[in-house]
Every structure is written in C-alpha cells, then in structure tokens.
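Undergrad: sequence? don't have it. structure:
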RNA sequence: GGGUAGGUUGAGCAGGUGGUGAGCUCCGCUGACUGUAGAUCAGCCGUCUUCGACUGUGGGGGUUCGAUUCCCUCCCUGCCCA
C-alpha cells in the first residue's frame, strides 16, 4: 500500500467570526512539504528562466510549476521518462506541479481547435499538428512524474467570452475532469481538478460544486488571472470559496502572482498560487521593493550605488548596486536576468512568508491593512523610491 | 601634390540625377506584462502651439519660377598614386 500521493492539513483554520477565510496549511506530496499560503515559481520548460535550482532554494521556493504541453513538444515526455523523470532531468528534487496544457488552449489562440473530445494544437515551435485529450494530458504528466498532475481543462477569457461560451467550456471542463481522473493511475502522483465558470456567479458556483464532488486531491480555480478586473475576480472568489467551506483539500488559484492579488485571494481562502509575473517582469527590468516598483532600465539608476532593496538577502542585493543592474540590463548581459529574477522571487516568497507568519500568530485579520498597503504599492506601479 | 569615392535628423544606412527626403536599424527615453509562442512587446526618439505646421541633404555663392539634384568655391573624410 503506497502512501497517499498528497495530503493537506489545515494548521490554523480561519477564525469562527468570519473575518477572513485565510488559513495556514501544509501540503505534503511525494517530494516534500509545502507550507501554505504559498507561491509557485513557473518553470515552463523544466527551468525557471534564468535560474539554477540552487537559486530556487535560495529564494525560498518549495514547489515549482512545469508545463505539460511544452515538455511534451520539447524535449518529449517519453525522453524525460527514459532519463529518469522530470525531477532528475532538471536537477530539482523537491515538489513539482505540472500544468495540464489547458492554459495553452487559450494562450495559443489560432493555433488550436477545441472539440468535445479534446484539442488539436499546432506546435508553436515547428507548426506540426498534435492532439491533446484529457487522457493524453494525464499520460504525459504521469510520464513526467510530477508530484501533482492537473486535470485537462478549457479555460475561457472572462472579459471576452459570452455566457454561452463560458457555459460550454465549463461543461466540457467537467467532462474532461472526470476523464482525467479516470485516466490517472500513478500512485505516487496527486491530481488536482480545475474549476471554471468564468465570472458568471451561478456557473462559477456550480463548477466549484461539481469539481469538489470529484475525488481530486486538490481544487484549482481556473480562468481567473486573465483580463478581468481585481473586483471581478474577487467577486468570483466570493462566490466560489464559500462552496468549499469545510472541504479539507488544498485550493489553488491558477495564474495569480501580484502580491495584492494573492493577498486578496488568501483572505478569501486560497492556499496556493503560481504566476510568471514576478519572473517575467524581472527579466524586463522591473523589480519589486517595499516602497513600490523600480524599472532598473530607467536613467535615474545609472548612478545609484544602493542595492535594489536595503537589507534584502537575495543574490542581487547582497552584492550589487542598482547602478550595476542598470548597466547589465542596458548591456543585455545575462546576469541581469538572473539577479533580477532572484530578487523578485525572494520578494514574492517573502511576502507569502509574512502572510503565513500573521496566520500562524493569529494576527492575520488585524494585519490585513498593513499587508494590503505593502502589496498595493507594487500594483500601483509607483516608483517613489529615494535614489542616491 | 595628383586622382577617386563620399559628407542625409546621436550612430549606421535607404532614398533622391530640377517640383512631395522625417523611411529603416541601432542607441536613447518611457510604459506594459498574472496556469510563459515573452532575456518580450508597445509608444516616443529635428523643432513647435503635435488629428497639424515648420525646419533639415557639410559651409558659402551662382543658375532657375523652383536646387538635395546643375555650376563655382571652400571645408572635412576614406581609398589609390606620387
């Protein structure tokens, strides 16, 4: 009898007064333990862009996300399996969650056609035709050997989809969830199901109920980090999360990554996040600090001898100045991408640590205004930071 | 000294052989990015009162209704020969 592929324990439940649904938890999977609320850096191609696995350790990552669609196309899931599985292949022996490729259903735009049985993709690499069904998406993830597989789904862009389109995609996602579950057999791998429903209150609630009724190891909330406003997204969470009250499983909001967005979602009961945002903006020169955000490509940093963030323990701040980073970005030196990514992931994961600390101390509702204030400075795009 | 090819908006170019040169790529200045077709993309990049207008083809002069183009002269640069 093999151990359960995933278990989730609520260490500090939300207060009974209903002030918040935020909770402290611990997700255990085959390759390790993940304290929640937690953020997963995204490593689409079996690498978090610009980082070495040691960098991931240092920024405090405990679980990362990799992408099924990308690894299926290149280098091929069977090759990775032959080489000992994804963990060994990429030199990361801690938890990995694989996205099913469902997101590419929307992100690939006109390169794909969806039908009830699955999706036909055209490779963005060489234009070749491929087909994903729920069964195939699960097969690929089982070959990769991630700690957590995710059901194949059809996300919809909330802002640009009719109610009928949302309803159809959501219904299809439900059928695919059942098929994904039925196809999943790997005993050392957990599987999460994905809720859709767009921004339609009844569809979102129905979808949450339906996915929660299936024996998944965790519940993903999909279709939400798109073009909707924060208010719309929070309203959708206010619909979905009460449905999950009393459900013992981990809740994962897919695609969210700004501190303020994550804070609001934690407040509504979400445990887990992933996003390319901190790493992507870092690669284009934007770094996050408590006072707001800085664009290191701006002229004003060329003579700024201060670290990005005073006291920050990251690889960049321990040793280098903003001026040096500004120079590296202008020169397009590769070190720029690594240093900036380390900083933003350190900042992001530290923010989650602050949230967990508040939850652990039982002070979360009281600290919410302070956390909100800190997080909103990033979202506001203010860069009101003293330059040397 | 002789010959030759050139001098276009920060740089590099395109174009233009008598009648609309503000077009490209860099550089530069900003902004965007949320389950990564992204070390990417977008805007700006002569001046102004910016849905437009004006100025600008090394300097000066000439021919002409009109010159970046033709002529004269000077300056500068590359190459070849002495």
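TA: Thanks, I have the structure now. Bear in mind that the values here come from a model prediction, so they are computed numbers and not experimental data.
Undergrad: any idea which helix or strand carries the residue lying closest to residue A:93 once chain neighbours are set aside?
TA: Distances taken as C-beta to C-beta, 6 or more residues apart in numbering put residue A:87 closest to residue A:93, at 5.4 Å, once the chain neighbours are dropped. Glycine gets a C-beta too; all of them are placed from N, C-alpha and C. Using DSSP states H and E, residue A:87 sits in helix A:86-90.
Undergrad: which residues touch the residue nearest to residue A:93?
TA: Applying C-beta atoms under 8 Å, 6 or more residues apart in numbering to residue A:87 gives the contacts A:31, A:93-94, A:96, A:145.
Undergrad: Who are the contact partners of residue A:302?
TA: The neighbours of residue A:302, taking C-beta under 8 Å, 6+ apart as the test, are A:323, A:326-327.
Undergrad: Closest one of the contacts of residue A:87 to residue A:354?
TA: In terms of C-beta to C-beta, no member of the contacts of residue A:87 lies closer to residue A:354 than residue A:94, at 21.8 Å.
Undergrad: sorry, back to before: just the buried positions in the helix holding residue A:87, please.
TA: By 16 or more other C-beta atoms under 10 Å, the buried positions in helix A:86-90 come out as A:86-87, A:89-90.
Undergrad: Run the chain-centre distance for the lowest-mean-pLDDT helix or strand in chain A.
TA: Least confident element among the helices and strands of chain A, by mean pLDDT, DSSP states H and E: helix A:102-107 (a mean of 85). Centroid displacement of helix A:102-107 relative to its chain, using C-alpha atoms, centre = their mean, to the nearest Å, is 15 Å.
Undergrad: need the next SSE after it, C-terminal direction.
TA: Next in sequence after helix A:102-107, counting helices and strands by DSSP H and E, comes strand A:112-114.
Undergrad: List the contacts of residue A:217.
TA: When contacts are counted by C-beta under 8 Å, 6+ apart, residue A:217 touches A:5-6, A:8, A:148, A:190-192, A:249-250.
Undergrad: hmm, 6 Å instead?
TA: Contacts for residue A:217 were tallied using C-beta atoms under 6 Å, 6 or more residues apart in numbering; they are A:6, A:190-191.
Undergrad: Residue A:60: what's it in contact with?
TA: By C-beta under 6 Å, 6+ apart, the neighbours of residue A:60 are residue A:349.
Undergrad: Between the contacts of residue A:87, which sits nearest RNA strand B?
TA: The closest of the contacts of residue A:87 to RNA strand B turns out to be residue A:96 (C-beta to the nearest atom of the strand; 12.0 Å).
Undergrad: For the closest residue to that closest one other than its chain neighbours, the count of nearby residues, please.
TA: In this structure, residue A:96 finds its nearest non-sequential neighbour in residue A:146, 4.5 Å apart by C-beta to C-beta, 6+ apart. For residue A:146, the count of nearby residues is 28 (other C-beta atoms under 10 Å).
Undergrad: swap in residue A:159?
TA: Residue A:159 has 12 neighbours, counted by other C-beta under 10 Å.
Undergrad: now do residue A:95
TA: Using other C-beta under 10 Å, residue A:95 is surrounded by 26 other residues.
Undergrad: One more: residue A:163?
TA: Residues lying near residue A:163 (other C-beta under 10 Å) number 12.
Undergrad: Now do the contacts for it.
TA: residue A:200.
Undergrad: May I see the buried residues of stretch A:48-58?
TA: A:48-51, A:53, A:55-56, A:58.
Undergrad: That should have said stretch A:268-275, apologies.
TA: A:268-275.
Undergrad: That stretch near RNA strand B at all?
TA: Yes - contact of stretch A:268-275 with RNA strand B (C-beta under 7 Å from any atom of the strand) involves A:274-275.
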